[in-house]
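*Asks:* Starting from these lines, generate the structure:
(6 chains)
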There are 6 protein chains.
Amino acid sequence: MLMTKVPQTPLVPDNTLMTATPEEGRALAITLARHTIHAMQGELEVLKAGRPKYADDAFGLIAAGHVVAIEFATVAAANNYWRR
Amino acid sequence: MLMTKVPQTPLVPDNTLMTATPEEGRALAITLARHTIHAMQGELEVLKAGRPKYADDAFGLIAAGHVVAIEFATVAAANNYWRR
Amino acid sequence: MLMTKVPQTPLVPDNTLMTATPEEGRALAITLARHTIHAMQGELEVLKAGRPKYADDAFGLIAAGHVVAIEFATVAAANNYWRR
Amino acid sequence: MLMTKVPQTPLVPDNTLMTATPEEGRALAITLARHTIHAMQGELEVLKAGRPKYADDAFGLIAAGHVVAIEFATVAAANNYWRR
Amino acid sequence: MLMTKVPQTPLVPDNTLMTATPEEGRALAITLARHTIHAMQGELEVLKAGRPKYADDAFGLIAAGHVVAIEFATVAAANNYWRR
Amino acid sequence: MLMTKVPQTPLVPDNTLMTATPEEGRALAITLARHTIHAMQGELEVLKAGRPKYADDAFGLIAAGHVVAIEFATVAAANNYWRR
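*Replies:* Prediction:
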């Protein structure tokens, strides 16, 4: 499986979690979820190699995005949110 | 996929998480969930392009809203909830 | 979709998260979950307009209640739990 | 739907979250989950009134228990865990 | 249903959450999840008494383990992680 | 069931949660999720012994990874994220 450390499309736009307002923070949350789901699209296909694509692929991607969201919450807290 | 930074219907009403009471806070939570699900409705259709709509679309939207809720919790904590 | 800011049945009984004991806190948690699920029952029917009701409606409601619970955790933390 | 404030079987054994060790804390977590699932068993049947029981009832109960667990985390934090 | 307070296989190895490194902490997290799922295996069979075993049993156990994980997070925070 | 304390492929690359930027933290979150899912692949097969592999195996693994993510959040908080 590919070990993609820094994908071409950034996972975190502008490499920061800081936003000026809750509205922008909310938009950032949607972007984080979306970029991660795309980054994993290739991986999920490898996991299901040899099987026809199911209607529930979207669900699998969302479920995987869910796990990453939780892991990221932990990593972010550990790093004090990389506040500058 | 569209990069919608600031949608026309605000994701966060009044651009704040501050409310006077828990009752209003609870109503805000429902609104946050609902607005995000609508903002992503167009996106989920793109993801499933070419496939007939399934009975579980509502579930896909809710699942996606779930991920965003977790991401937003992290972003909000990072920004100290944009307290004024 | 209806923009119900303050429904007739309160979402948060007594408009507080403070309880005297864990036992009452636990009962409050169940009540919060239940009231929110009822408040959204009408909304989920609109989302699925035109489709026959599925056996999994209960699941859809619970899933939606799940998202609101996470959003509320964020809003509550932002407001320091409206401690008095 | 019944408004059961204090059920006969306590939701929280000994009305405290304090335990001497992680092992007991872990057993308490299992108990909390189990008691809540039982308390809601009657409620879920009302929600699905008129429909035959599905194989996924266990899942519905677990899903509901999941929501309550998140709500309780918020309520508990609000009350500073009722530390004595 | 059995009220198993302290099962024979400990739920928490060494009765502590403290580990020297993140790698060991990660292994502990997997162990916590696994031991709890086994402890509940007997219980889930009682819940589904009289019904043939479904392919989704593994999912039911994982879902139940999920709820316990959230409850335990609350209990652990309440007890300040039993830090020594 | 195998008691794998320290698998050959590390669960936590570089045995730390500290990263220089949010982008690297996000990539770490994806890696944590992925390594754990692989570590458990063998275990899930044991759990479902004797049954043909289902299309939903990917979901079972993701669900299990989800539980571990929550447990790890607790363990990490308990250890103050092993900050150095």
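*Asks:* Where does pLDDT dip in chain A?
*Replies:* Applying pLDDT under 70 to chain A flags the ranges A:1-8, A:41-57.
*Asks:* Surely A:E23 is in contact with B:D14?
*Replies:* No. Counting by Cβ atoms under 8 Å, A:E23 stays clear of B:D14, with 9.4 Å between them. Glycine gets a C-beta too; all of them are placed from N, C-alpha and C.
*Asks:* next structured bit after the lengthiest helix in chain A?
*Replies:* When chain A is parsed with DSSP state H, its longest helix is helix A:22-47. Per DSSP states H and E, the first helix or strand lying C-terminal to helix A:22-47 is helix A:57-78.
*Asks:* elements contacting that next one?
*Replies:* Contact here means 3 or more Cβ pairs under 8 Å, 6 or more residues apart in numbering or on different chains; DSSP states H and E; on that basis helix A:57-78 packs against helix A:22-47, helix B:22-47, helix B:57-78, helix F:22-47, helix F:57-78.
*Asks:* would TSV of those with mean neighbour count be doable?
*Replies:* What follows is these, written out as TSV (neighbours: other Cβ atoms under 10 Å in any protein chain shown):
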stretch	mean neighbour count
helix A:22-47	20
helix B:22-47	20
helix B:57-78	24
helix F:22-47	20
helix F:57-78	24
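*Asks:* To D:I62, which of these lies closest?
*Replies:* For the helices and strands packed on helix A:57-78, distance to D:I62 was read as Cβ to Cβ. The smallest value, 11.7 Å, belongs to helix F:57-78.
*Asks:* Give me the distance between the closest one and the centre of its chain.
*Replies:* Relative to the chain's own centre, helix F:57-78 is displaced by 6 Å; criterion: Cα atoms, centre = their mean, to the nearest Å.
*Asks:* tilt between that helix and helix E:22-47?
*Replies:* 120 degrees (axes from the mean of the first three to the mean of the last three Cα atoms, to 10 degrees).
*Asks:* need the contact list for the closest residue to chain C within chain A.
*Replies:* Residue nearest to chain C within chain A (Cβ to the nearest Cβ): A:P22, separated by 8.8 Å. Each residue near A:P22 by Cβ atoms under 8 Å, 6 or more residues apart in numbering or on different chains is listed here: B:12, B:15-17, B:76, B:79, B:82.
*Asks:* of the helices and strands packed on helix A:57-78, which approaches D:I37 most closely?
*Replies:* With Cβ to Cβ, the closest approach to D:I37 among the helices and strands packed on helix A:57-78 belongs to helix F:57-78: 16.9 Å.
*Asks:* Let me know the distance separating A:A73 from E:N15.
*Replies:* Distance of A:A73 to E:N15, given as Cβ to Cβ, to the nearest Å: 27 Å.
*Asks:* oh, I was asking about A:L11
*Replies:* Per Cβ to Cβ, A:L11 is found 38 Å from E:N15.
*Asks:* go on, A:T21?
*Replies:* 46 Å.
*Asks:* center of chain A, which residue is that?
*Replies:* Nearest to the geometric centre of chain A sits A:T36, at 2.3 Å (Cα atoms, centre = their mean).
*Asks:* I'd assumed A:G65 was in contact with that residue.
*Replies:* Yes. Between A:T36 and A:G65 there is a contact under Cβ under 8 Å: 5.2 Å.
*Asks:* returning to what we had before: PyMOL command to pick out the buried ones of the contacts of A:P22?
*Replies:* In PyMOL, a selection of the buried entries from those looks like this (16 or more other Cβ atoms under 10 Å in any protein chain shown):
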select buried, chain B and resi 12+16+17+76+79+82
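*Asks:* From the contacts of A:P22, pick the one nearest D:L32.
*Replies:* The nearest member of these to D:L32, counting by Cβ to Cβ, is B:A76 at 26.6 Å.
*Asks:* Now that closest one. Nearest residue, chain neighbours left out?
*Replies:* C:T74 (5.2 Å; Cβ to Cβ, 6 or more residues apart in numbering or on different chains).
*Asks:* show me the contacts for the one you found.
*Replies:* Here C:T74 is in contact with B:17, B:29, B:69, B:72-73, B:76-77, B:81 (Cβ under 8 Å, 6+ apart).
*Asks:* That one and chain E: what is the separation?
*Replies:* Distance check for C:T74 against chain E: by Cβ to the nearest Cβ, to the nearest Å, it reads 16 Å.
*Asks:* Repeat that for A:F59.
*Replies:* For A:F59, the distance to chain E - Cβ to the nearest Cβ - is 13 Å.
*Asks:* contacting residues for the spatially closest residue to A:A33 that is not a sequence neighbour?
*Replies:* Once flanking residues are discounted, A:A33 sits nearest to B:V67: 4.6 Å by Cβ to Cβ, 6+ apart. Contact analysis of B:V67 by Cβ under 8 Å, 6+ apart lists A:33, A:62, A:65-66, A:69.
*Asks:* can you tell me which two in those are farthest apart?
*Replies:* Within the contacts of B:V67, A:I62 and A:A69 form the most distant pair, 10.2 Å apart (Cβ to Cβ).
*Asks:* I'd like to know how many residues surround A:R84.
*Replies:* A:R84 has 5 neighbouring residues, counting by other Cβ atoms under 10 Å in any protein chain shown.
*Asks:* Can you classify it as helix, strand or coil?
*Replies:* For A:R84, the assignment made with DSSP: H, G, I helix; E, B strand; the rest coil gives coil.
*Asks:* Please apply the same query to A:T9.
*Replies:* Classified using three-state DSSP, A:T9 is coil.
*Asks:* how close does the closest residue in space to it that isn't next to it in sequence sit to chain B?
*Replies:* Excluding its sequence neighbours, the residue lying closest to A:T9 (Cβ to Cβ, 6+ apart) is A:H35, at 6.3 Å. As judged by Cβ to the nearest Cβ, A:H35 and chain B stand 10 Å apart.
*Asks:* what's the residue in chain A that chain E sits nearest to in contact with, if anything?
*Replies:* Residue nearest to chain E within chain A: A:A78 (8.8 Å; Cβ to the nearest Cβ). By Cβ under 8 Å, 6+ apart, the contact set of A:A78 is F:17-18, F:76, F:81, F:83.
*Asks:* so which two of those residues are the farthest from each other?
*Replies:* The most widely separated members of the contacts of A:A78, counting by Cβ to Cβ, are F:M18 and F:A76 (11.8 Å).
*Asks:* could you list every residue that touches A:I62?
*Replies:* A:37, B:60, B:63-64, B:66-67.
*Asks:* now for the residues you listed, which pair is the farthest apart?
*Replies:* Pairwise distances across the contacts of A:I62 peak at 12.7 Å for A:I37 and B:H66 (criterion: Cβ to Cβ).
*Asks:* quick one: contacts for A:N79?
*Replies:* Per Cβ under 8 Å, 6+ apart, neighbours of A:N79: F:17-19, F:22, F:25.
*Asks:* so A:G65 touches A:I37, yeah?
*Replies:* Yes. Using Cβ under 8 Å, A:G65 makes contact with A:I37 at a distance of 4.5 Å.
*Asks:* Verify the contact between A:T31 and A:P10 for me.
*Replies:* No. Contact criterion Cβ under 8 Å: A:T31 and A:P10 do not qualify, at 9.8 Å.
*Asks:* Overlap of the contact sets of the two?
*Replies:* Counting by Cβ under 8 Å, 6+ apart, nothing touches both A:T31 and A:P10.
*Asks:* Much appreciated, bye for now.
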